[in-house]
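**Student:** sequence first, then the predicted structure:
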Amino acid sequence: MQSTRRSFLKGVGAGVLCLTLGQMGFDLGEAKAYVRKLKIEGAKEVISICPFCAVQCQIIGHVKDGKLVSTEGDPDYPINEGSLCAKGAALFTMYTSDHRLKKPMYRAPHSDHWEEKSWEWTLDQIAHRVKETRDRDIILKNDKGQTVNRFETMFWMGTSHASNEECAVIHQALRGLGVVHMDHQARV
Amino acid sequence: MTNHWIDIKNSDAVLIIGSNAAEHHPVAFKWIQRAKDNGAVLMHVDPKFSRTSARCDFHVPLRSGTDIAFLGGMVNYIIQNNLYFKEYVVNYTNATFVVGKDYAFQDGLFSGYNPTTRKYDKSKWAFEKNKDGGPVIDTTLKNERCVFNLMRKHYSRYTLKNVSDVTGVSEENLRKVYDAFCATGRPDKAGTILYALGWTQHTVGVQNIRTSTLIQLLLGNIGVAGGGINALRGEPNVQGSTDHALLYNNLPGYIALPLSSWQTLAEFQKANTPVTTLKTSANWWSNRPKYMVSLLKGWFGDAATKENDFCYELLPKGEPGEDYSYMYAMDRTYNGKMRGGFVWGVNPMSSFPNTNKMRTALDNLDWLVCCELHNSETTDNWRRPGVDPKACKTEVFLLPSAHRIEKEGTISNSGRWLQWFDQAVKPAGEGRCFADIVVPLFNRIRELYKTEGGTLPDPILKMHWTEKFDAAEWTRRINGQFWQDTEVNGKLYKRGQQVPAFGVLKDDGSTSSLNWLYAGSWTEEDGNKSKRRNTTQTPMQAKIGLYPNWSWCWPVNRRILYNRASVDVNGKPFNPEKPVIAWQDGKWVGDVPDGPWPPLAMEGGKLPFIMCKDGCAQFYGPGREDGPFPEHYEPAETPLANHPFSKQLVSPVYKFHTTPHDKIALPADPKYPIVLTTYSLTEHWCGGGETRNVPNLLEAEPQLYVEMSHELAEEKGIKNGDGVILESPRGRVEAIAMVTIRIRPFTVMGKTLHLVGMPFFAGWTTPKCGDTTNRLTVTAYDPNTTIPETKVCCVNLRKADKLTEIG
């Protein structure tokens, strides 16, 4: 097995605990009990990446019983070497934020409030809006009679938050529809 | 980045300009500090003193929008004092190319300018041609019309005095930066230039970066360890989302959007395939037809055949010269020409310039689909302050999106490293990742076209698509696959197997790849390389921290771009202490070289700049909209009435719009005498739509503020902590005064000039923190990229009697 910096640090950490405290005659019972109570005890380590700048610091998510219990910088990643900035360090709070949107919401024309909707209803409505708009407005030929197949009256904006795979999916779908007004944060 | 984060440690001189790296890339800043530990000089050139300045050897305050003057002065300094790396300049750049007779430059304008269309006829800037159509080259640099001599003449006006007068930087400070950075013109020294949005968000943004190219080529700093021009990308996957082209003008892999003038695939390929006459030029884009056909094959699968032009006809075609970017989409929305829109993972009603225009425009949509983690100024635009929701007709669908830690896939960092991330937990509530929404939505649209019919169903129905999104499947599709059994170097690949590299992609429909640059990232032989976590390196690689076995990097795992320029014509590294590649015993060692060919001086050797048609890096760039050489122009909104470089005050070709909301102050308008520049914070990401909803981050930076000098504050009777009202021709913003020595008055053209700085994270959906600074910023854009000039506009300010936006 490859010895990573992290496994090395873990070993050293345990070693220091045993040598110093044990040799100095402390009762290790309490310390051991504390170690057992660490919230990441028994948690599964999952490698993720900070969702902000393009340094892309790697983050270890600790998951227990299907719940995220802690996040920390990945000491093995050669670039961040375990460290995180204020935003990266706040990843866990972002995940737990009670301000998060949890359901599809709908605001009807001229309404003054949001309504909760199902995914089924929402996707169906959007599909119809896209198709109706496209069928009405797509330009098949320009003034010169050249084929252009261009759907100009709908735009797409976003996003550098998307993964490469999501970008590929989005780009392919949009060009299939004939969309030309597409753009994202690379241009602001 | 031409290089990568860790490589910055190899630098002998680090010039940070147009970036506040310590605050915006805090973790990567350690590599800049390691360069300092190794003896490098660190310099920060920026309007404001920040934590970046504090970590540097010196900070040089520069008036926002004068980077070309500052850097043009350095070009002049290098040439006048013979500080350039001649062997590099003569062998690897177009300094030796002779320019055609039609090129001229007079009083701020290049030849071919049409004031009615505000465009140049770029054919006037063409190179002189040989009988075979190739460039005329003078390696003695004696021809007065060779690029080097035209460049020398062009920048001779950029004297220390002129530059100092315009930038507000003292001559002493200019010399300090020029001397320290130009010391890297020696073969065994390297200097890096680190920039960010401080360069791109200008009406001359592209030319800001071009000027750094001139410097780095003169000093021989491209392709070497510790060198390069490094865009410190600020968005999470902006490298990958640019590679995969969520941009109107490109298809994935830097292939142009088809235009109406290219009706057939053959016409497209002809217009997009450069031809060289030089045997020593690799002219890599001559392979573009293979990448285009492999992309079409990836999109349309078995429906794409040679007989039907691989479904090329089905793609949308833009009109030549038409702009379909953000700013134009919003202008068309303002003018009632858009019906619907998708705004996902971005908050334009806070982060776009001239936000009052944008907010008004959005009301004109019939329907809007947002996909976010939180409600934002964009999702809730219909109930913004001062507006009656009943008056807004827009139907809004707001979809809950998943956080990074709730999904899996790959992203590409600023150094082009492709990195896999695993899903740690399921999305909160009913949240979904973007693709888990787009795939079922597109399937519903497909179903509607199947059952109901409709206009032009073919591009939708013929797509090689999927029933359900699986990230790994799309990582494999991006890499590319064989569509028929194919033998490569004696090895048989079956239909459906992964292509091993972009070298095997073909234009006959036998291969697919959704992005040729990523071919080789997931192969039959090695699997998914974005998951590699192996830190082993050869001693040569370890010397410069290359980490070639950690993840994978495009193209072909090459960690430093243009690395053939780090060696002489015989393949010997210019800097033997920090070699990137070296020709040893008949093969290359170190990094993956820019192509397999032997060194330039050997039979079959190639020039290092393989993406340029003629293999040479370009001092003279005749493809840009605003001139083949960068030239100083004032920002669209400027406190000056004139400048010493020419009579052309502002860029003659910058783009703008003309609605009643698109006002631009006249030059030196006494109503708006103060320059405003804007920036991000460590604690808030961009417009703050996400981070304002994280209590610990909001607590750290709770309110919108304006940084101003003690001198300006005294002039205006403002004390630290007072409420301030700022106004530009486009809007009014409230902020709290931060009176500080971090910003000081400039002396420009003999007069005192004030500059203030503001973050732009605030938005009205977060109570009491203020609302966006961008209500002040200007809708004037770079003519090449249409990036708005959010880094400079002109404002006035006064002490507020009462604040309504900030509590």
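**Tutor:** Here it is on my side, so go on.

**Student:** let's see the helix-or-strand element of chain B with minimal mean pLDDT as CSV, backbone CA atoms only.
**Tutor:** Within chain B, no helix or strand scores below helix B:695-700, which has a mean of 93 by mean pLDDT, DSSP states H and E. Output of helix B:695-700 as CSV, limited to C-alpha atoms (Å, rounded to 0.1, in the frame of the first residue of the first chain):
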residue,chain,number,x,y,z
PRO,B,695,-24.0,32.8,8.8
ASN,B,696,-20.3,32.6,9.7
LEU,B,697,-19.3,34.2,6.4
LEU,B,698,-21.9,36.9,6.6
GLU,B,699,-20.8,37.7,10.1
ALA,B,700,-17.3,38.2,8.9
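
**Student:** give the buried residues for it.
**Tutor:** Neighbour-count burial for helix B:695-700 flags B:L697, B:L698 (criterion: 16 or more other Cβ atoms under 10 Å in any protein chain shown). The way it works is simple: take the backbone N, C-alpha and C, and place the C-beta from them, glycine included.

**Student:** how far does that helix sit from its chain's centre?
**Tutor:** 30 Å (Cα atoms, centre = their mean, to the nearest Å).

**Student:** what about it and chain A, any contact?
**Tutor:** Yes: applying Cβ under 8 Å from any Cβ of the partner chain, one finds helix B:695-700 in contact with chain A at B:P695, B:N696, B:L697, B:A700.

**Student:** got the contact list for the most centrally placed residue in chain A?
**Tutor:** Residue closest to the mean C-alpha point of chain A, counted by Cα atoms, centre = their mean, is A:P51 at 5.7 Å. A:P51 is in contact with A:L91, A:M94, A:H161, B:P236, B:H403, B:R404, B:I405, counting by Cβ atoms under 8 Å, 6 or more residues apart in numbering or on different chains.

**Student:** the second one contacts B:E690, correct?
**Tutor:** Yes: with contact defined as Cβ atoms under 8 Å, A:M94 reaches B:E690; the gap is 7.1 Å.

**Student:** neighbours of residue 42, how many?
**Tutor:** This is for chain A. 11 (other Cβ atoms under 10 Å in any protein chain shown).

**Student:** actually it's chain B I care about, not the one you picked
**Tutor:** 23.

**Student:** pLDDT of the longest strand seen in chain B, averaged?
**Tutor:** Looking across chain B with DSSP state E, the single longest strand is strand B:731-739. Strand B:731-739 carries an average pLDDT of 98.

**Student:** and it, how far out from the chain middle?
**Tutor:** So, by Cα atoms, centre = their mean, the centroid of strand B:731-739 is 30 Å from its chain's centroid.

**Student:** flag every buried residue along that strand.
**Tutor:** So, applying 16+ other Cβ under 10 Å, buried residues of strand B:731-739: B:G731, B:V733, B:E734, B:A735, B:I736, B:A737, B:M738, B:V739.

**Student:** stretch B:41-54 now?
**Tutor:** So for stretch B:41-54, counting by 16+ other Cβ under 10 Å, buried means B:41-53.

**Student:** what's in contact with that stretch?
**Tutor:** Under Cβ under 8 Å, 6+ apart, the answer for stretch B:41-54 is B:12-23, B:29, B:32, B:35-36, B:55-64, B:70, B:169, B:177, B:180-181, B:198, B:677, B:679, B:707, B:741-743, B:755, B:757.

**Student:** where do the strands sit along chain A?
**Tutor:** Along chain A, counting by DSSP E, strands occupy A:44-49, A:58-64, A:67-73, A:105-107, A:115-116, A:139-141, A:147-150, A:154-157, A:182-183.

**Student:** these: which one's closest to B:A519?
**Tutor:** strand A:44-49 (22.7 Å; Cβ to Cβ).

**Student:** tell me the contacts of residue 174?
**Tutor:** Chain wasn't specified; assuming chain A. A:W156, A:M182.

**Student:** that's the other chain; I wanted chain B
**Tutor:** With Cβ under 8 Å, 6+ apart, B:L174 has these contacts: B:V60, B:F70, B:G73, B:L160, B:V163, B:S164, B:T167.

**Student:** just B:E524 next, same as before
**Tutor:** B:Y493, B:Q497, B:Q498, B:P500.

**Student:** highest neighbour count among those residues?
**Tutor:** B:Q498 (22 neighbours).

**Student:** hey, what's that one bridged with?
**Tutor:** Note on B:Q498: beta-bridge partners by DSSP bridges are B:Q481.

**Student:** does it touch B:I478 like I think?
**Tutor:** No: B:Q498 lies out of contact with B:I478 (Cβ under 8 Å); the separation is 10.6 Å.

**Student:** now do the shared contacts for those two.
**Tutor:** Shared contacts of B:Q498 and B:I478, counting by Cβ under 8 Å, 6+ apart, come down to B:W522.

**Student:** on that earlier part again, what lies in contact with the longest strand of chain B?
**Tutor:** Outside strand B:731-739, the residues that reach it (Cβ under 8 Å, 6+ apart) are B:354-356, B:703-710, B:713, B:718-727, B:758, B:770-773, B:775-776, B:799-800, B:803-806.

**Student:** sheet-wise, list the partners of it with their directions.
**Tutor:** strand B:705-708 (parallel), strand B:723-728 (antiparallel).

**Student:** tell me where the stretch 1-150 of chain B has helices.
**Tutor:** B:21-24, B:29-37, B:51-55, B:67-80, B:86-92, B:147-154 (DSSP state H, counting those that start in this stretch).

**Student:** so which of those is nearest B:L219?
**Tutor:** helix B:67-80 (6.9 Å).

**Student:** can you give me the buried ones in the closest one?
**Tutor:** B:67-79.

**Student:** same thing with stretch B:144-152?
**Tutor:** B:R145, B:C146, B:V147, B:F148, B:N149, B:L150, B:M151, B:R152.

**Student:** so what touches it?
**Tutor:** B:75, B:79, B:89, B:93-99, B:101, B:103, B:128, B:138, B:141, B:143, B:214, B:619-620, B:629.

**Student:** ok, the residue of the stretch 651-800 of chain B at minimum distance from chain A - contacts?
**Tutor:** Proximity to chain A, evaluated over the stretch 651-800 of chain B using Cβ to the nearest Cβ, is greatest for B:N693 at 4.3 Å. If you count contacts by Cβ under 8 Å, 6+ apart, B:N693 has them with A:S97, A:H99, A:R100, B:L373, B:H374, B:T766.

**Student:** and if we set it to 10 Å?
**Tutor:** A:T93, A:M94, A:S97, A:D98, A:H99, A:R100, B:L373, B:H374, B:N375, B:S376, B:T765, B:T766 (Cβ atoms under 10 Å, 6 or more residues apart in numbering or on different chains).

**Student:** likewise A:M157?
**Tutor:** With Cβ under 10 Å, 6+ apart, A:M157 has these contacts: A:181-185, A:187-188, B:246, B:326, B:329-330, B:341-348, B:352, B:370, B:378.

**Student:** quick check: B:K36 touching B:A22?
**Tutor:** No: with contacts counted by Cβ atoms under 10 Å, B:K36 stays clear of B:A22, the gap being 12.0 Å.

**Student:** okay, and the common contacts of these two?
**Tutor:** Joint contacts of B:K36 and B:A22 (Cβ under 10 Å, 6+ apart) are B:R55, B:C56.
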